[in-house]
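> Could you look at this predicted model? Sequence included:
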Amino acid sequence: MLDQFDARLDADFPPVDPARLIAALKPLLPPENLKTQLEALRPYETDGLAAYRSLPAVVALPETTAQVQAILRVCSELGAPVVARGAGTGLSGGALPYPGCVLLSLAKFSRILSIDRQARTARVQPGVRNLAISEAVAHLGLFYAPDPSSQIACSIGGNVAENAGGVHCLKYGLTVHNLLKLEMVTLEGEVLHLGSDAYDAPGFDLMALMTGSEGLLGVVTEITVKLTPLPDTTQVLLAAFDNVEVAAQAVAEIMAEGIVPAGLEMMDGPALRAAEDFALAGYPKDAAAILLCELDGAGPDVTEEIARVSALLSSCGATEVRQARDEDERKRFWAGRKGAFPAVGRIAPDYYCMDGTIPRRALPNVLTEITRLSEVHGLAVANVFHAGDGNLHPLILYDAAKEGDQEAAEALGGAILELCVSVGGTITGEHGVGREKINQMCVQFSAAEIDAFHALKAAFDPKGLLNPGKAIPTLARCAEFGAMHIHHGELPFAHLPRF
Amino acid sequence: MGNCRLHTSPGSEDITEALAERVRAGGPLRLEGGGTRAFYGRKVEGRALSLAAHRGVVDYDPSELVITARAGTPVSEIEALLAGENQMLAFEPPVFGAAGTLGGAVATGLSGPRRPFAGPLRDFVLGARLMNPQGEVLRFGGTVFKNVAGFDAFRLMAGSLGGFGPILEVSLRVTPRPRAERALVFETPGEAARTWVSGLMGRPLPLSGAFHDGARLHLRLSGGEAGVAASRAELGGEDEPLETWDAIRHMTHPVFEAPVLWRVSLPPTGSAEGFETTAWDWAGGQRWLTADAVDPTVWDRAGRLGGHATLFRGQAPKGEVFQPLAPGVFNLHRRVKAALDPAGIFNPGAMYEGL
């Protein structure tokens, strides 16, 4: 299991005496903001990837940027690893504590600092929940566009760390496209401001580099986000298909038609049936796949596009095309989709959620191959996709209590991710590499590329103390993992010594 | 599949090996494309390394909404190919001549009039291939929109002025062309126009351009036929030819004519004190200040308003072009540059002295 960090393969630090660490941190925070007792540390031992667990030495909950600076300075001086954490909803183990680390929770940075209606921006602290921003500006006719499924709970700071996507990013962009400015603290405790309230900040685009860096480069303490006007009209279509591959072809046809849907989602039979049983969304349970296509914008334009997409879906072989009659039905269609993960959680004791992205044109073949892999590994897979952008979430069903099931699920998951890379895609579209996909990074990137990532990391964090063992594998890890993965008859990282 | 059309262009040539040899010979190297943007940035001393011959579209499948091309491919060639499929580059990079290349567009990072509505060039870069000082080719990002594996070094290439090495190949997200487009002109003075436009931007209107030439406001609408017609009816104004927007985009409009030209980026709805009378684009976010001589206080004045200035045309003392950075941020720039180019062989000093 990857929650067992390995000094040889991950990061090698001389151990820091927890008593010394706690003594150095105590003067910096009120006592209730420093947790040291085992029962108080337990809630922080895992994030949304609950299979991985590991304990920090101490949990620090700063409330001000000055406190974050002071904590990071202590960590830097003592050589203590630091793992920053938002709401802990991440699905790749990005907030999994490095054993004996300082777990830096940003939960108390929970204020919306200002909203500028004219400029359509909001200045927020990293612990603010994603949905809370949209709720706070709804009365101005605005919203914060990126909407990861966990938006009710996940924090904007975590969204920045992961460059979170969501159902509507096809039209409205990822987190990085909706940011203006970041305040960050380096491991040395220096405060830096990246980005600008004006368009296109001078210099290198370090704000874009920080976004999605999974807590490896610095700790974000303030974020200025862009707000978007709420569309006047939103309509959604549900199309049913009796063949998954035909549904996948229809996705390409819609995109080629020159229409950019606000959301274009697909579920296969097992996923849609689980979702229907869970949410009573009104899905046709006998279908092999359904597509949800949402269109928004000016009323007359949406009416026209709905008609074009309906006709296209029918001509592409949909057995049924239905438009949500009202806002209530539209919300139910989406409730089924947004509840798909917990719904699948009810049909199997455990599930393992994958997150590859592929070029859309590869979708039919990749689906066929996932079915084959699922049979080979003896575990069922339910598929939920952000089809419009090629982001796949195959959910592998297994039973952790069953001998060998966990390992089989991880092996099948790894095979699916490598499949995504082999068709020109990526191992993670929005959940991040974290701890979970650290080995698959060695499949997607060459040794020279991983070297470049380490050099960038060192430019921000020369001691390597920020979120060690995550996101970017050591070359030693790749050498060891590469021994198991031989592509095209060539051993990757052949020049590295084997252990 | 009926809609699947793959394109590669004639005259396609891969000169990676030859470039690697030149790079391994050491620097400093002055990276060149079509030469149309050579005016932009500080002067670089070094041997020329031309990427112009490294050209050709590598992959373009319209249903994927992605095009991958080598850096030396002319932007005009890419845009012609996209137009044939009713697609476009939504960030509308200015093109300063037929020789202007994709690599030059990405390295300078300049975006056109649609920037506040569709996003900057950086938002459309999905992946890039970069040559490191050892002559090895590094691939960052890819050809898919959602991709969070590894640091997003490909976004760092946009506006990098070649400081991280030669950009060999870029994958860009492309956009369907709007079904309808109209250009309107209004006799509204600058500051009143800015206030009006910023109010409009708080509503879901199909705006795709808001430019003020110092006397008149020009708006562009892009979207579905019905939505554009409804906005046209609501906003009023006079129709004008859409070609006006080509002149704004490619900077051939008369407002750009002067011995000295500053691009002053200010918070779009904030104070423009001292810059009120300039022409502006980007709904007031980007001002174009013309002068007969360089006044170095512009950087300071733009900075105090929360913005930044670029000397687009003209010669400043010590050849400076860009807004000075805060010391901590500048130090981080030096470390990031050194991470990918430790010996400083690629375009040294193109952005700042000592970087």
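Received the coordinates, thanks.
> Need the pLDDT of the nearest residue to A:V102 once chain neighbours are set aside.
The shortest distance from A:V102 to any residue other than its chain neighbours is 5.0 Å, reached at A:V82 (Cβ to Cβ, 6 or more residues apart in numbering or on different chains). C-beta here means a position set from N, CA and C on the backbone, and glycine is covered the same way. At A:V82, the pLDDT value in this model is 98.
> who's in contact with A:V82?
A:I71, A:L72, A:C75, A:C101, A:V102, A:L104, A:L187, A:V219, A:L465, A:L466, A:N467 (Cβ atoms under 8 Å, 6 or more residues apart in numbering or on different chains).
> Please state the backbone phi and psi of the residue nearest the centre of chain A?
Centroid check for chain A by Cα atoms, centre = their mean gives A:H431 as the closest residue, at 2.2 Å. Per-residue torsions, A:H431: phi -90, psi -20 (degrees, to the nearest 10).
> I'd assumed A:L91 was in contact with it.
Yes - between A:H431 and A:L91 there is a contact under Cβ atoms under 8 Å: 4.5 Å.
> what's the overlap in contacts for those two?
Common contacts of A:H431 and A:L91 (Cβ under 8 Å, 6+ apart): A:C353, A:D355.
> Show me what the residue nearest to A:V102 is bridged to.
When assigned by DSSP bridges, A:V82 has beta-bridge partners A:V102, A:L466.
> From B:P241, how far off is B:V228?
As for B:V228, its distance to B:P241 is 16 Å (criterion: Cβ to Cβ, to the nearest Å).
> ok, these two, which is more surrounded?
Neighbour count, other Cβ atoms under 10 Å in any protein chain shown: between B:V228 and B:P241, B:V228 has more, with 24 against 10.
> quick one on the thing from earlier: between the contacts of A:V82, which has the most around it?
Using other Cβ under 10 Å as the neighbour test, the contacts of A:V82 are led by A:N467, with 32 neighbours.
> Can you classify the nearest residue to that residue once chain neighbours are set aside by secondary structure?
Nearest in space to A:N467, with sequence neighbours left out and distances taken as Cβ to Cβ, 6+ apart, is A:G215 at 4.1 Å. Three-state call for A:G215 (DSSP: H, G, I helix; E, B strand; the rest coil): coil.
> what residues does the stretch 301-450 of chain A put near chain B?
Within the stretch 301-450 of chain A, the positions near chain B by Cβ under 8 Å from any Cβ of the partner chain are A:301, A:303-305, A:357-361, A:386, A:389-391, A:424-433, A:437, A:441, A:444-446, A:448-449.
> Weed out the non-buried ones from the residues you listed.
Buried members of these, counted by 16 or more other Cβ atoms under 10 Å in any protein chain shown: A:301, A:304-305, A:357-361, A:386, A:389-391, A:424-433, A:437, A:441, A:444-446, A:449.
> Please narrow the residues you listed to those residing in helices.
Using DSSP state H, the subset of those located in helices is A:D301, A:E304, A:E305, A:M441, A:Q444, A:E449.
> just these now: which is nearest B:L200?
If you rank these by distance to B:L200 using Cβ to Cβ, A:D301 comes first, at 17.3 Å.
> what about the nearest residue to that closest one once chain neighbours are set aside, neighbour count?
The shortest distance from A:D301 to any non-neighbouring residue, by Cβ to Cβ, 6+ apart, is to B:G224 (3.1 Å). For B:G224, the neighbour count with other Cβ under 10 Å is 21.
> Then B:L289?
23.
> And A:A208, by the same measure?
A:A208: 27 neighbours (other Cβ under 10 Å).
> so where does it fall, helix or strand?
Assessed by DSSP states H and E, A:A208 sits inside helix A:206-210.
> for chain B, longest helix please?
Max-length helix for chain B by DSSP H is helix B:327-340.
> And the average pLDDT for it is what?
What helix B:327-340 shows for mean pLDDT is 98.
> which residues does the nearest residue to B:L161 once chain neighbours are set aside contact?
With sequence-adjacent residues excluded and distances taken as Cβ to Cβ, 6+ apart, B:L161 is closest to B:A350, at 4.3 Å. For B:A350, the contact set (Cβ under 8 Å, 6+ apart) comprises B:G41, B:R42, B:V44, B:L161, B:G162, B:G163.
> How about A:R120?
Each residue near A:R120 by Cβ under 8 Å, 6+ apart is listed here: A:L142, A:K226, A:L227, A:T228, A:P229, B:M201, B:G202.
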